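>>> build me a model from this:
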Amino acid sequence: MRNNNEYTAALVANHTWIGKIYDYGLLVKLRLNLVVVISSIFGFFIVSQGNFSWVNVLTLFVGGFLVTGAANALNQVFEKDYDILMKRTANRPVASGRMKQTEAIIFAGIACIIGISLLSTFNSVTAFLGMISLVLYAFVYTPLKRYSTIAVAVGAIPGALPVLIGMTAYEGRITVFALLLFVIQFLWQFPHFWAIGFLGYEDYKRAGYKLLPESNGEIDRNLGLSSMFYATLIIPVALIMQIRISEISLTSTVISVILSLIYMYCCFQLHSRFDKKSALILMFYSFLFLPLILLGYWLF
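This next block holds a predicted model:
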């Protein structure tokens, strides 16, 4: 039986239009893009408390998807020579040569213009945050990650902006509540990304990316403790939200604290075992953590 890569190659070769759709899905990093946009929708739901129009939800979804897709497309143009060196990215359309750089750039430009225009229908703050997210990801984080591990912190900013964008789309301003949820999503990314980085360390190293703290040319043995530090910081942020924001229920705060304690435990397991199994568990839990914590603030 053919593997998935062989099957994909057959689709690309035999059905041009299917292959093109597949390539654009890779270009915009479809699964990652959807995770990002869904966190924005959650932010919108949380502050609207059910008082919203589905037309606005669709506008926010499409606008956010296009802006994120534009940033991801530019990322692949800038990194094409490095993507080809990594197993996980070698099949990307620009890196593999199936898509010309000019096509990806034109797509990014059109997607950016339409996406920002859609976000601007809410208010200027939302459109500005969308543009900041794209610029930071494509033009700051992308080149920086070949030079310094600080790129992870820089990349965590556009990674956390979607929930802020969703909340400003409804409220038209940046509130304390929105800022605190932004901080939670910012802190969440360090264990999340380091778990992914641990699993793909050889690939990243082959391409020259400096995304994980190292010691003597190897992954720093304290990576799990560093991850646990950021996971722990989520708890005081949740408690501050409970104190400062009258709309926050005790139930949602308890859910946040419990989820964070589990996150901390997964990070500690990575520290104590320092193996791919514990990194895989941390990665999978991190994918659950963010939607669950946002769901808690929305429903309770």
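>>> what helices or strands is the host helix or strand of residue 67 leaning on?
When elements are assigned from DSSP states H and E, residue 67 belongs to helix 54-78. Counting contacts by 3 or more C-beta pairs under 8 Å, 6 or more residues apart in numbering; DSSP states H and E, helix 54-78 is packed against helix 16-27, helix 30-48, helix 93-96, helix 101-120, helix 124-135, helix 142-144, helix 151-171. For glycine as for every other residue, the C-beta is placed from the backbone atoms N, C-alpha and C.
>>> for the protein, give me the ranges with low pLDDT.
Low-confidence segments of the chain (pLDDT under 70): 1-15.
>>> phi first, then psi, for residue 215.
Main-chain dihedrals, residue 215, degrees, to the nearest 10: phi -140, psi 120.
>>> deepest-packed of the helices and strands packed on helix 54-78, please.
Of all the helices and strands packed on helix 54-78, helix 151-171 has the most neighbours on average by mean count of other C-beta atoms under 10 Å, namely a mean of 23.
>>> excluding its backbone neighbours, what's nearest the most centrally placed residue in the chain?
Compute the mean C-alpha point of the chain, and by C-alpha atoms, centre = their mean the closest residue is residue 159, 4.6 Å away. Excluding its sequence neighbours, the residue lying closest to residue 159 (C-beta to C-beta, 6 or more residues apart in numbering) is residue 189, at 5.1 Å.
>>> the helix or strand where residue 241 lies packs against which elements?
Element membership of residue 241, judged by DSSP H and E, is helix 223-244. The contact analysis (3+ C-beta pairs under 8 Å, 6+ apart) places helix 223-244 against helix 176-199, helix 250-273.
>>> how about the ones you listed, which one is nearest residue 147?
When these are compared by C-beta to C-beta, helix 176-199 sits nearest residue 147, at 15.8 Å.
>>> what about the nearest residue to residue 121 once chain neighbours are set aside, distance to residue 117?
Closest residue in space to residue 121, ignoring its immediate chain neighbours: residue 59 at 6.2 Å, by C-beta to C-beta, 6+ apart. Separation of residue 59 from residue 117 (C-beta to C-beta, to the nearest Å) stands at 10 Å.
>>> for residue 219, phi and psi?
Per degrees, to the nearest 10, the backbone of residue 219 is at phi -60, psi 130.
>>> verify the stated contact: it with residue 205.
No. If you go by C-beta atoms under 8 Å, residue 219 and residue 205 don't touch, sitting 9.5 Å apart.
>>> residues contacting the closest residue to residue 209 other than its chain neighbours?
Leaving aside its sequence neighbours, residue 209 sits nearest to residue 145 (C-beta to C-beta, 6+ apart; 5.2 Å). If you count contacts by C-beta atoms under 8 Å, 6 or more residues apart in numbering, residue 145 has them with 151-152, 155, 209-211.
>>> out of those, which one sits closest to residue 125?
Once C-beta to C-beta is applied, the member of those that ends up nearest residue 125 is residue 155, at 22.1 Å.
>>> isn't that closest one right up against residue 137?
Yes. Using C-beta under 8 Å, residue 155 makes contact with residue 137 at a distance of 6.8 Å.
>>> which residues sit in contact with residue 60?
40-41, 44, 118-119, 122, 165-166, 169 are the contacts of residue 60 under C-beta under 8 Å, 6+ apart.
>>> and of those, the nearest to residue 111?
Using C-beta to C-beta, these come closest to residue 111 at residue 118, 10.6 Å.
>>> hmm, back to that, just the buried residues of the helix holding residue 241, please?
223-224, 226-228, 230-231, 233-235, 237-238, 241-242 (16 or more other C-beta atoms under 10 Å).
>>> any chance of TSV for the helices and strands packed on helix 54-78, columns distance to residue 258?
Output for the helices and strands packed on helix 54-78, formatted as TSV (distance: least, C-beta to C-beta, whole Å):
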stretch	distance to residue 258
helix 16-27	35
helix 30-48	18
helix 93-96	41
helix 101-120	34
helix 124-135	30
helix 142-144	35
helix 151-171	20
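>>> nearest to residue 257, of the ones you listed?
Closest approach to residue 257 among the helices and strands packed on helix 54-78 (C-beta to C-beta): helix 30-48, 17.7 Å.
>>> any chance you could list what contacts the closest one?
Identification of contacts with helix 30-48 by C-beta under 8 Å, 6+ apart yields 52, 56-57, 60-61, 64-65, 68-69, 72, 159, 162-167, 169-171, 175, 177-178, 181, 185, 287, 290-291, 294-295, 297-298.
>>> so which of the helices and strands packed on helix 223-244 is the most packed in?
helix 176-199 (a mean of 21).
>>> which other helices and strands does that one contact?
Counting by 3+ C-beta pairs under 8 Å, 6+ apart, helix 176-199 packs on helix 30-48, helix 151-171, helix 223-244, helix 250-273, helix 276-299.
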